[in-house]
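A.B. asks: Below is the sequence, then the predicted model.
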Amino acid sequence: MESIKKENLDILVLIQSIEKNIQIVETKLRDIPHKIEALDKNLENTRESITEMESGLKNLQKKYRFIDEEVAISRNREIKNKEKLGSVKTNKEYQAVLKEIEDLKKKMSALEDEMLVILEQIEEGEVLIAEKTEESEVLFQKIEQDKKVVAAEFKEEEKKLADLKEKKEKAGKMVDPKLFEKYTWVQNLVGPMAIVTVKKAVCQGCHLNIPHQMYNELQRCDSLRFCPHCQRMIYFDCGSEQGKRSPGFLDDGPEESPNTTGQGAP
């Protein structure tokens, strides 16, 4: 590759750094809707749990009423049988009525015991539902607050993204068009990390050694080369401070410093 101006190299490295930060922000923006969805799902699960408990409580109450009716029916039969005792004529018939009264008493006793158990379950269920309902209201308030925080984060990231894209556009206009075209071509070939440094004759993209002659040429700090292994654009970092050498409108720099150490292919 032909010789280039150091300023073009600095701007090209800076553009790649901006693009990396753009990817980070875009990832955050994609994740934020999932955060809101997770918050809503948490509240939905709590409310569904309350609905299930309320349904179970209604079933217990229905069962309690059914047994109560059974006890009432049995009690009426007991009263009628007691009245019947005065009119029976044989001892056998008398004993049969007494046995039926005794059976009814046992049945009612068992039913009443079951009613007590169900009543305790109903009371426990009512307490639990009240606690869960209160917990749900607290959770709702917290989630609403969290959603406001997430919404504010979304707006902040949107603004950050717009600023980064503006910086990239301005930087792109300052770099040599042919050089930027080659940079874009490499990106399409290997991914976002299209330009990396070379250290001790090792490409910091694929971590393989480059030819000795190519390494010597790169150390003159006035040219770019293609790595013969991964096809990335490679350069030798001569220790320039990117922030100080960048154009004025980029002095604040991106969120992360430009990549001067090189990274592997994504």
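C.D. replies: Everything's here; your move. Numbers count the residues shown, from 1 in each chain.
A.B. asks: Below-threshold pLDDT in the stretch 1-150 of the chain: ranges please.
C.D. replies: The model of the stretch 1-150 of the chain has pLDDT under 70 over residues 1-4.
A.B. asks: Show me where it has its helices.
C.D. replies: For the stretch 1-150 of the chain, helices defined by DSSP state H, counting those that start in this stretch occupy the ranges 6-84, 91-174.
A.B. asks: Those helices: which one's closest to residue 236?
C.D. replies: For the helices of the stretch 1-150 of the chain, the distance to residue 236 is smallest for helix 6-84, at 9.9 Å, taking C-beta to C-beta. The way it works is simple: take the backbone N, C-alpha and C, and place the C-beta from them, glycine included.
A.B. asks: Give me the angle between that closest one and helix 91-174.
C.D. replies: Inter-element angle recorded for helix 6-84 and helix 91-174: 170 degrees (by axes from the mean of the first three to the mean of the last three C-alpha atoms, to 10 degrees).
A.B. asks: Helix 6-84 packs against which elements?
C.D. replies: Packing partners of helix 6-84 (3 or more C-beta pairs under 8 Å, 6 or more residues apart in numbering; DSSP states H and E): helix 91-174, helix 177-190, strand 195-199, strand 233-235, helix 242-245.
A.B. asks: deepest of the ones you listed, which one?
C.D. replies: Ranked by mean neighbour count, those are led by strand 233-235 with a mean of 25 (mean count of other C-beta atoms under 10 Å).
A.B. asks: Tell me the strands beside that one, with direction?
C.D. replies: Paired strands of strand 233-235, with direction, are strand 195-199 (parallel), strand 225-226 (antiparallel) (DSSP bridges).
A.B. asks: wait, which of the helices of the stretch 1-150 of the chain is closest to residue 207?
C.D. replies: helix 6-84 (18.2 Å).
A.B. asks: coming back round to it: I'd like the helices of the stretch 1-150 of the chain laid out as JSON lines, including distance to residue 217.
C.D. replies: Below are the helices of the stretch 1-150 of the chain laid out as JSON lines (distance: least, C-beta to C-beta, whole Å):
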{"stretch": "helix 6-84", "distance to residue 217": "14"}
{"stretch": "helix 91-174", "distance to residue 217": "25"}
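A.B. asks: closest to residue 200 out of those?
C.D. replies: With C-beta to C-beta as the criterion, residue 200 lies closest to helix 6-84 of the helices of the stretch 1-150 of the chain, at 19.3 Å.
A.B. asks: between the closest one and helix 177-190, how big is the angle?
C.D. replies: Angle, helix 6-84 to helix 177-190, by the same axes, to 10 degrees: 40 degrees.
A.B. asks: Off-centre distance for helix 6-84?
C.D. replies: With C-alpha atoms, centre = their mean, to the nearest Å as the basis, helix 6-84 stands 15 Å off its chain's centre.
A.B. asks: Ok, stretch 178-196 next?
C.D. replies: 33 Å.
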